[in-house]
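Novice: any chance you could fold what I've pasted below:
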Amino acid sequence: MLFQRARKCYARSIVACPNRLRWKVWVAGARVEMKAGHLDVAYKLLERAQAVVPSKYEENVTIELARWAEFCNDIPLAEHTIREALFKPSTSWKLWLFMVRFLYISRTSPAMMIKLNLNVIT
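Specialist: Numbering: from 1, shown residues only. Got it, this is the predicted structure:
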């Protein structure tokens, strides 16, 4: 019941908000769907966000996609999602922070980090 009302509110929000901010509504809706256990719906909403997000904020949606993968217990996919984004020209510090997080979670060895061309201080 609560999730149905939340969905209705998000549907109204997407119609009312400016086009440049719709990606935020899609991301927020995806978070609600993840908490409700509707992982397939959450992924579709994140895909919609990715399709309309301004390039300046692409890394935010990428991080949400990685969080979705982590929520699905697919740490390698989450790590891959972040790793792909790291080597784009406009890489945000947030992506590097998430990469460190996933390297810690997956317990990647320093040798693997060197292989991935990540700077390692040993």
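
Novice: pretty sure residue 33 is in contact with residue 42, am I right?
Specialist: Yes: with contact defined as Cβ atoms under 8 Å, residue 33 counts as touching residue 42 (3.9 Å). Using the backbone N, CA and C atoms, a C-beta is placed for each residue, glycine as well.

Novice: can you classify residue 78 by secondary structure?
Specialist: Assigned by DSSP: H, G, I helix; E, B strand; the rest coil, the conformation of residue 78 is helix.

Novice: do a quick rundown of the helices in this protein.
Specialist: Here the chain has its helices, by DSSP state H, at 2-16, 22-36, 39-52, 58-71, 75-86, 93-106, 110-115.

Novice: so where's this structure uncertain?
Specialist: 1, 90-91, 103-122 (pLDDT under 70).

Novice: format the helices of the chain as JSON lines; extra columns: mean neighbour count.
Specialist: Formatted as JSON lines, these follow (neighbours: other Cβ atoms under 10 Å):
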{"stretch": "helix 2-16", "mean neighbour count": "12"}
{"stretch": "helix 22-36", "mean neighbour count": "20"}
{"stretch": "helix 39-52", "mean neighbour count": "17"}
{"stretch": "helix 58-71", "mean neighbour count": "21"}
{"stretch": "helix 75-86", "mean neighbour count": "18"}
{"stretch": "helix 93-106", "mean neighbour count": "16"}
{"stretch": "helix 110-115", "mean neighbour count": "12"}
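
Novice: please name the nearest non-neighbouring residue to the residue positioned nearest the centre of the chain.
Specialist: Note on the chain: the residue nearest the mean C-alpha position is residue 64, at 1.7 Å, using Cα atoms, centre = their mean. Among residues not flanking residue 64 along the chain, residue 27 sits closest, at 5.3 Å (Cβ to Cβ, 6 or more residues apart in numbering).
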